[in-house]
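> coords below, sequence missing:
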């Protein structure tokens, strides 16, 4: 090879290598603009006595939410239709558009990050996960709704919304979003028939659950004691929070440092690990997402199951369930000194800081959380909603006789871990808790590591 | 050592018949050349003998053994390819040693035989080189070395010299022939070059369209071509053909421009045949060009003259057709000049105008 | 005046537009990522206004035990996956190369299938196959009487590591096979014929002729697949989510998580640069080792 050729080949190899490697995880924010509809202002001119009347231009408000906005599961219109109708009758000059996002929460979240990085003005109202508000608010990507600077939400609207949830979407005293639009709260499903057969009352404490499960499992071979979602995922973190508070632990201490290495937290994690060690929960829980974890309960093979309230609506449907009439649903248990807690996973709506039509967006937001739309929403998508009157509305109760059960569960809703570092904290917890329940780490080591990493992430 | 025999070989590729019931015997120790234009089936025949293609029908015998079912690696044959097919990742030594190693011959013997073969072919200095570092002639020798090192019963050579330049090709012909005689191995040699075929063959097989046209010693094929194809293909420049009508009463042949006596050895055949036309074939080297008229000479116009050293190739126009003639250089007609052609009737060939077959002589 | 350019110079001029494209579209971003990595960026990429922290982000990367653990896993995964993919891909290529053209086309279409399926769908298929309650593999093992109850493929650390390798091999052997089919097609048919007549049986031919002549293709294919495996992310994430614990966490997941999920662009960029350097480094070592073998065709 001549000297020049060596040199050239060298360069080519380097370029190819760098190109290959650069195709990988070197992330760069991209602007994704997918606005589907372009609204052309109406340009009808009507000449009346030589005066030209120019019709007002319509403002378009774009809502980002997933495909469920286009669906209905009950006797009402899909949410987007209900919103469009309500907005049109009240504000004829506002046009509502839907921008469909991913249903997968992680992808959805990362989509927003990209938009915000690009300061995209097209999206006005965003559906946000309960945990995202703190993160986005800290980054300055959301418009506060009660800071005295327009747009601020009408107090008459917020007065009718359940205060606990408004608090969940408040960050550093500022209301960042209205919610829940739709939500899930964790609770305990149990086999009423089996508990009655062996003379047990529904469990109040976690010890009760173990006693009941052990007794029934001994007499009913083939039954699984307790199923829950333990895949290394946000579902596992949700379960963990329920045990944590049920054993009297908490997220942070007063100084804001991680408190999940307290004796109470350790007791909670050891309890979870022992559930698997003692065979009350099968080792498979560590691979189960929520939809995997409910299978055994629904097919009549499990005594207890922890999950969201949405199963209520079809557990008595013989096509989908083998436990028709044999189940009960109660708030999660708690040890003495603990709090009966259900993880609240709600979807709220917030206004983007980069929106180019914030005032119109606020008007749409208010319509979305006013009673008529909230009621329609319950009828089409099911609970949990923010508006108080929905829970007592006769039409709603007629359509959904389980509403009183839900109200009871809703009282146990756990305020979300509010931190701008929530995504990182959730990942750390998923890793460490998963390591503990799969036996890779001792519970104490897992919690010590978790807190060390969380404090590093939050800067404490 | 063994001869090779094929019987009723048929080979079809889809609808195309490459070999049409070919039967042939390749005698032990002889060098047989298969010659013909491309697509005549000569390479297919070779590959069937090697076992690289399966015949559609018929049998192949090596010695007395039918080998149709024997895979190539168990037939004791060696083959040299037009592309040489050297293994590019191996040294010359390893290339030549390959057939021995494939047969699990001991290391010491491999070394001894490779070195012996290399010495024979003048490759001793090149043993550690890779094929890419060799010239065409050297690669050719390595390919040969790989073939002879294991002392096979039969050599198959598929156009082994056609990738060499003209001068080297002529040298290698002689060398190959010499080598074959020294080793005494039955050799089947495929080429499309009739000159190569003539100079090398003990026995010549001319093929066309999957059918054997003629088989025999080169001189015999040259002097007694069995049909116009063989007549035209063997010999360079090609034989001149002139269509003539036959006057049986006078025993004369009438071409458009001239007439001549039918050679006496054909008269009987012409009579018996009774047809009124025939193809007259004369080789360029048998045409004599005269500057002036002589008894029986035919006038012609010079079209092109090409000096070739000691001889000159003349293309002349006779009765509207072109004919070639070889003359000594002392005759130097100019283009457009009229010359006179005669030929010795002993050297004339006559072919049936319908079947192209040569007419029988007495 | 006539300017005479030597061939290398002309070649360089022809390559120049491509170089510029590469520099604009790749190197610019690499430089940008490098700048980000020296700043403390949280939920903003506006580095001019944010604190410059020298190499603090890199210190965080190298002090993280999780980083080292995932480096070990990623290297092991890459090694195992590429070696197995080579073996399986070679088998598939050999099995489909010498069949008739018609059958070969169909077989190749079948082979390429796993590679065409998007990784995330692939992950779903494998999650299902590995599922402890309803998974096919567990069922087969139990029905064969090899185990009493289905193994926890994705929960037992050793099983999880090898389950993801298995899934990756299934998916990517096909692209290896396609690479190698290309390499096989480049070997002149005469060479095989020569070897056959020289008395080489199939195994000897494969070992002494096919394999060495395929070597340049194999080495390049290994490089491409190796780099790809070092960057693996979606298949593993869909299968195990990096679990159990952090056992199957890959290198690439860090940059993604810190960048997109946590909004820590500075630290995320530092991870990206470190991973980039590791990949380029490994590839350079590999290339310098194999260079001699790449050029027998010259």
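Received, thanks. The shown structure was predicted, so the numbers you read here are calculated from the model rather than taken from an experiment.
> Mean confidence (pLDDT) on stretch C:238-254, please.
For stretch C:238-254, the mean per-residue pLDDT is 85.
> To clarify, my last question referred to stretch B:234-250.
Across stretch B:234-250, pLDDT averages out at 86.
> what about it, start to end distance?
One end of stretch B:234-250 sits 32 Å from the other (Cα to Cα, to the nearest Å).
> and residue B:169, how many neighbours?
Look at residue B:169: counted by other Cβ atoms under 10 Å in any protein chain shown, it has 19 neighbours. To be clear about C-beta, it is placed using only N, CA and C from the backbone, and glycine gets the same treatment.
> Apart from its chain neighbours, what residue comes closest to it?
residue B:161 (4.7 Å; Cβ to Cβ, 6 or more residues apart in numbering or on different chains).
> Ok, residue C:112 next?
Nearest residue to residue C:112 in three dimensions, chain neighbours excluded: residue C:174, at 5.3 Å (Cβ to Cβ, 6+ apart).
> Residue A:168 and residue A:386 touch, don't they?
No - the criterion here is Cβ atoms under 8 Å, and residue A:168 misses it with residue A:386 at 10.2 Å.
> what's the overlap in contacts for the two?
Common neighbours of residue A:168 and residue A:386 are listed as residue A:179 (criterion: Cβ atoms under 8 Å, 6 or more residues apart in numbering or on different chains).
> what helices or strands is the helix or strand hosting the residue nearest to residue C:112 leaning on?
Assigned by DSSP states H and E, residue C:174 belongs to helix C:157-185. With contacts taken as 3 or more Cβ pairs under 8 Å, 6 or more residues apart in numbering or on different chains; DSSP states H and E, helix C:157-185 sits against helix C:65-97, helix C:101-116, helix C:119-130, helix C:211-230, helix C:234-240.
> ok so, going back, and the residue nearest to residue C:112, what does it touch?
Under the criterion of Cβ under 8 Å, 6+ apart, the neighbours of residue C:174 are C:89, C:92, C:111, C:112, C:113, C:114, C:115.
> and if you look at residue A:59?
A:93, A:94, A:95, A:357, A:360.
> so what's it closest to, chain neighbours aside?
Nearest non-adjacent residue to residue A:59, counting by Cβ to Cβ, 6+ apart: residue A:360, 4.4 Å away.
> Test my guess that that neighbour contacts residue A:96.
No - in this structure, residue A:360 is not within contact of residue A:96 by Cβ under 8 Å, at 9.5 Å.
> What residues does residue A:241 make contact with?
By Cβ under 8 Å, 6+ apart, residue A:241 lies in contact with A:251, A:341, A:343, A:414, A:417.
> Okay, now the unreliable bits of chain C?
Applying pLDDT under 70 to chain C flags the ranges C:1-3, C:5, C:292-298.
> Check which helices and strands the helix or strand hosting residue B:230 sits against.
Assigned by DSSP H and E, residue B:230 belongs to helix B:228-233. Packing partners of helix B:228-233 (3+ Cβ pairs under 8 Å, 6+ apart): strand B:203-208, strand B:211-216, strand B:240-247, strand B:277-282, strand B:349-352.
> Mind listing what's buried along stretch A:280-296?
Residues of stretch A:280-296 classed as buried: A:280-290, A:292-296 (neighbour count, 16 or more other Cβ atoms under 10 Å in any protein chain shown).
> give me the low-pLDDT residue ranges for the stretch 201-350 of chain A?
Of all residues in the stretch 201-350 of chain A, none has pLDDT under 70.
> Around chain B, pick out the residues from it.
With the criterion set to Cβ under 8 Å from any Cβ of the partner chain, the stretch 201-350 of chain A never comes near chain B.
> what ranges do the strands span in the stretch 201-350 of chain A?
Using DSSP state E, counting those that start in this stretch, the strands of the stretch 201-350 of chain A run over A:224-227, A:302-308, A:327-330, A:342-351.
> Switch these over to TSV; also include mean neighbour count.
Converted to TSV, the strands of the stretch 201-350 of chain A look like this (neighbours: other Cβ atoms under 10 Å in any protein chain shown):
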stretch	mean neighbour count
strand A:224-227	23
strand A:302-308	25
strand A:327-330	18
strand A:342-351	25
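> how distant is the helix holding residue B:230 from the center of its chain?
Helix B:228-233 sits 12 Å away from the centroid of its parent chain (Cα atoms, centre = their mean, to the nearest Å).
> How about stretch A:137-151?
Mean C-alpha position of stretch A:137-151 versus that of the full chain (Cα atoms, centre = their mean) differs by 21 Å.
> Now for the residue nearest to residue B:351 when sequence neighbours are not counted, how many residues are close by?
What sits nearest to residue B:351 in space, not counting adjacent residues and going by Cβ to Cβ, 6+ apart, is residue B:279, at 4.2 Å. Neighbour count of residue B:279, defined by other Cβ under 10 Å: 20.
> surely residue B:279 meets residue B:357?
No - Residue B:279 lies out of contact with residue B:357 (Cβ under 8 Å); the separation is 10.1 Å.
> Now residue C:71: closest residue in space that isn't a chain neighbour?
Leaving aside its sequence neighbours, residue C:71 sits nearest to residue C:251 (Cβ to Cβ, 6+ apart; 6.1 Å).
> Contact partners for that neighbour?
Taking Cβ under 8 Å, 6+ apart, one finds C:67, C:70, C:71, C:74, C:230, C:231, C:275, C:278 in contact with residue C:251.
> give me the number of residues near residue B:296?
The tally of other residues near residue B:296 (other Cβ under 10 Å) stands at 14.
> Just grab the bridge partners of the closest residue to it other than its chain neighbours for me.
With Cβ to Cβ, 6+ apart as the criterion, residue B:296 has its nearest non-adjacent residue at 6.0 Å, and that residue is residue B:342. On the basis of DSSP bridges, residue B:342 is bridged to residue B:288.
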